[in-house]
Every structure is written in structure tokens, then in C-alpha cells.
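Enquirer: I need the structure of the sequence given here:
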Amino acid sequence: FVLMGAFFQSIIAPLRSVITIGLTEAFVFGFSVLVYQHGILDWTGLRCLSSGASAEISWLAPVMAFSVILGLGLDYDVFLISRIFEYREKGYNDNSAVLIGLYKTGGIITAAGIIMTLAFGGLLLSQTIALNQWACYLTGAVLLDTFLIRTVVVPILMGYTGKQSWWPKNMGEATKDVSQL
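Expert: Residues are numbered from 1 along each chain as shown. Predicted coordinates:
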């Protein structure tokens, strides 16, 4: 939080980051409770996504998943926000900077998300319940963060906050828009 605030010279940018990463964490932990304690995916017949006889979550899976999800979410976030910041400093208005930043980083973030999903998804084939649960956390988090949080929620939040996205830093006058790219 402090490093991100210092780099962007902003309080709002790291706060938005905390909110979006918190959304990912909350959704994934809630989804895992539904899967492994309430059995909402028991109908699939997949052992890795069923509540089983005990219907409990291993204590180790959420502990290990939290820091990995935080790291991946922060990585994707800093990558996207750095590009948006770069275009905003070049004089593009806030909405154009978000649009260009998303366009420039979207393919890389999506490719990284797909690769990480495949890597973590492979753990769903394990016979160990803790690894299945860990894979569920990580796969769900990467999919959500890649395809919803970074591509939809972050641009909405940045559009909502507008020029206040960088407060207290003064970004200067916006002289360009996306048509001048």
C-alpha cells in the first residue's frame, strides 16, 4: 500500500487496489465455502469440486491461497495502473488513459491469466483434498481477477473517480483523447 502510494504519489490508487483485491479474495473464499461446505457443485460428480463426506475446508488451503492471490492481484493491478498512469502523464484525459491502458495491457494480462489458470487447474487432478481446495481458490481467483476485476471493475472505478483517481497528485491538464492515439 505504502509503496504503491509513493510510486503513484496518490492515496486513491492504492485504496482502489485494496478494494479490488479484497473483492477477489472475498469472492473466492465465499465461493469455496459454497463448494466445499454446502456442496453447490456436487452435481458435477467431480471429486475435486465436491463437498465429500466431511464437508469441511482444510485449514491450510486458505492460508496458502491468501498470499498467492494477493501477489497475483497486485501484480496485475500494478501492471495495468502503471500503463494508465503513463498515458495520463502523457496528457490523455482520464477515460482515454484507462481505455488505452486496458487495450495495451489486456492481451498480456489475459495470456498470463490463462497460463496461471492452466497451471493451478492442474492441481485439481490431485488426490489430496487440500491441494484440490487450494487449486479451487487460485483458479477461481485468477479467472475472476483476469476477466472481471481488471477488465470491468477497475475501469468502472477509475471512470467513477475520474481525475480524483490520482489524488493528491495533480496530473496536469488533459490535452489529448483516444482519437489522437
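
Enquirer: list the contacts for the residue nearest to the spatial centre of the chain?
Expert: By C-alpha atoms, centre = their mean, the chain has its centre lying nearest to Asp145, at 3.1 Å. For Asp145, the contacting residues are 24, 69, 72-73, 76, 113, by C-beta atoms under 8 Å, 6 or more residues apart in numbering. Where you see a C-beta, it was placed from the backbone N, CA and C, and this is true even at glycine.

Enquirer: can you point me to the longest helix in the protein?
Expert: Scanning the chain for the helix with the most residues, using DSSP state H, yields helix 60-89.

Enquirer: next structured bit after that helix?
Expert: The element immediately downstream of helix 60-89 (helix or strand, assigned by DSSP states H and E) is helix 94-121.

Enquirer: okay, now the closest residue to Phe79 other than its chain neighbours: neighbour count?
Expert: The spatial neighbour of Phe79 that comes closest, neighbours along the chain excluded (C-beta to C-beta, 6 or more residues apart in numbering), is Thr105 at 5.8 Å. Residues within reach of Thr105, counting by other C-beta atoms under 10 Å, total 20.

Enquirer: Hmm, Thr105 is touching Leu80, no?
Expert: Yes: under the criterion of C-beta atoms under 8 Å, Thr105 makes contact with Leu80 at 5.1 Å.

Enquirer: What about Gly172, how many residues nearby?
Expert: When neighbours are counted by other C-beta under 10 Å, Gly172 registers 9.

Enquirer: what do you get for Ile57?
Expert: Ile57 is flanked by 20 other residues according to other C-beta under 10 Å.

Enquirer: re earlier: give the buried residues for the longest helix of the chain.
Expert: Within helix 60-89, the residues that qualify as buried by neighbour count (16 or more other C-beta atoms under 10 Å) are 61-62, 64-65, 68-69, 72-74, 76-78, 80-81, 83-85, 87-88.

Enquirer: and what of stretch 39-47?
Expert: Within stretch 39-47, the residues that qualify as buried by neighbour count (16+ other C-beta under 10 Å) are Leu41.

Enquirer: same check, this time on stretch 135-153
Expert: By neighbour count on 16+ other C-beta under 10 Å, the buried set for stretch 135-153 is 135-146, 149-151, 153.

Enquirer: ends of that stretch, how far apart?
Expert: Taking C-alpha to C-alpha, to the nearest Å as the measure, stretch 135-153 stretches 24 Å from start to finish.
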